[in-house]
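Model the structure of this input:
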Amino acid sequence: MKYSVTLSSFKEIFESLINALPVIKQLNYDAVEFIGEDNSGKDLDNFTEALASHDLKVSGVTGMWGNVNSMAGCRRLLSVDADMVETAKRYVIRCIELCRQLGGQEFNVCLFADPNSTMADFSHRVLSHKQKLKVIEKSIPLLRSLSNYAKDHGVLLLLEPLNRYATPYCCTAEDALHICNAIDNPSFGILLDTFHMNIEEDSYSQAIELTRDFLFHMHFADNNRKMPGNGHLDFDSILKALHKINYQRYIGFEPNLEQISYLESLKAGIAYIKGLNSTSNENGIRL
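I've put the predicted structure just below:
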C-alpha cells in the first residue's frame, strides 16, 4: 500500500503548489493527487520536472466538483440541461487526458444534478432507490462512453459517493455498486471517502466489503475533514476491512489544512495510519 495526498488541500497554504512538493516528500508520502483544473503547458512541464526531482508520483487527478468554485458548479452530469451535461463531459475528458499526461492512474467523478432537483427536500432525507434510479439511469450511457475513453487512455474512471448534503443521487457504496454493475466496464470503479462514509454508511466494513471488486482508491479524512486521528472515525475498523479484501492501492489523504498547523497535521496523520497498519491482520497480511 502507498500513500498520497491531494494537492487541493494545499491551495490555501502555498501560492504555487510546486512549493508543496518538498514538504510532501519530506513527510514520506509516495505520491500526490493533482488538481483537476486547466493548466498551461509550461506550468505543467515545470510541475512534472519538480515531481521527478523530488521522486514523487501522481496517483491520479482529483475532480473539482460541486461548490469548490464557480466553474465546478457547472459540472453536472445529471443535469436536464444538455449544455450543462456537455460541459461536464468535456471536463471529464480533459481530466482523463491530464491524468494520462502526468502518469496517474485514476480520476474521480461525482454525480451532481441541477439545484432545483436536489433542494426540494430541505430536511435532506435519503431518497428512495426508485427516486435515485429515475435520475441516474439517464446518465448510464454517458458514463459508459466516458469509461471507454478512460480505458483507451489507460486511466480508471472512479465514481465517488458523496453525502446527501452535497448530492442525493449517489451517496452510498450500494448506490455506486449499482451504477458499476450497470456500466460493466473494467475501467469504471469506485472511490470511497471516509468523510462521506461517516454520514451515509451503516458500517465502514460492510461498505468496503460490498465494493471489494470495484474499489480502486480510498480518500482518508476524519469526520471533521481533518487528518485521521483528529476526530472520531474508527480507522482501525476501516483498515481491518481493507486488509480483509487485500486492498493494495493508494490511500489518498484529503484533509482541510491550516497554515499554522499543516506540517504537524500531515506528519501526525500519516504516522497515525501507518501505526494502525503496522499490526498484521488475522491472515498475516500487512498493508
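
Give the residue spans of the stretch 151-287 of the chain that score low on pLDDT.
For the stretch 151-287 of the chain, applying pLDDT under 70 flags the ranges 280-287.

How far off centre is stretch 183-194?
Averaged C-alpha coordinates place stretch 183-194 at 11 Å from its chain's average position (CA atoms, centre = their mean, to the nearest Å).

burial count for residue 258?
Using other CB atoms under 10 Å, residue 258 is surrounded by 11 other residues. C-betas here are computed from N, CA, C, even on glycine.

I meant to write residue 105 there.
If you count neighbours by other CB under 10 Å, residue 105 ends up with 21.

Do a quick rundown of the strands in the stretch 101-250 of the chain.
Taking DSSP state E, counting those that start in this stretch as the test, the strands found in the stretch 101-250 of the chain are 106-109, 156-159, 188-193, 215-220, 250-253.

could those be laid out in CSV, adding distance to residue 261 and mean neighbour count?
Supplementary listing: the strands of the stretch 101-250 of the chain in CSV, determined by distance: least, CB to CB, whole Å; neighbours: other CB atoms under 10 Å:
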stretch, distance to residue 261, mean neighbour count
strand 106-109, 27, 26
strand 156-159, 30, 26
strand 188-193, 22, 25
strand 215-220, 18, 24
strand 250-253, 15, 24
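
Could you pull up the residues touching residue 234?
Contact partners of residue 234, counting by CB atoms under 8 Å, 6 or more residues apart in numbering, are residue 204.

mind putting the strands of the stretch 101-250 of the chain in CSV, distance to residue 73 included?
Below are the strands of the stretch 101-250 of the chain laid out as CSV (distance: least, CB to CB, whole Å):
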stretch, distance to residue 73
strand 106-109, 15
strand 156-159, 20
strand 188-193, 20
strand 215-220, 21
strand 250-253, 23
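
Indicate which one of these is closest to residue 47.
Closest to residue 47 of the strands of the stretch 101-250 of the chain is strand 106-109 (CB to CB; 16.9 Å).

Show me what that closest one packs onto, helices and strands only.
In terms of contacts (3 or more CB pairs under 8 Å, 6 or more residues apart in numbering; DSSP states H and E), strand 106-109 is packed against strand 57-63, helix 82-102, helix 140-152, strand 156-159, strand 188-193, strand 215-220.

can you pull up the bridge partners for residue 190?
Counting by DSSP bridges, residue 190 is bridged to residue 159, residue 215.

Which pLDDT value belongs to the closest residue to residue 92 other than its chain neighbours?
The spatially closest residue to residue 92, leaving aside those adjacent along the chain, is residue 146, at 5.3 Å (CB to CB, 6 or more residues apart in numbering). Here, the pLDDT recorded for residue 146 equals 98.

Residue 146 touches residue 90, doesn't it?
No - at 10.6 Å, residue 146 and residue 90 do not qualify as touching, with contact defined as CB atoms under 8 Å.

okay, those two: which has more neighbours?
Neighbour tally, residue 146 and residue 90, criterion other CB under 10 Å: the higher count belongs to residue 146, 24 against 11.

Could you check how far the more buried one is from residue 153?
11 Å (CB to CB, to the nearest Å).

Identify the contacts common to the two.
residue 96.

In stretch 142-153, which residues are buried?
Residues of stretch 142-153 classed as buried by neighbour count (16 or more other CB atoms under 10 Å): 142, 143, 146, 147, 149, 150, 151, 153.
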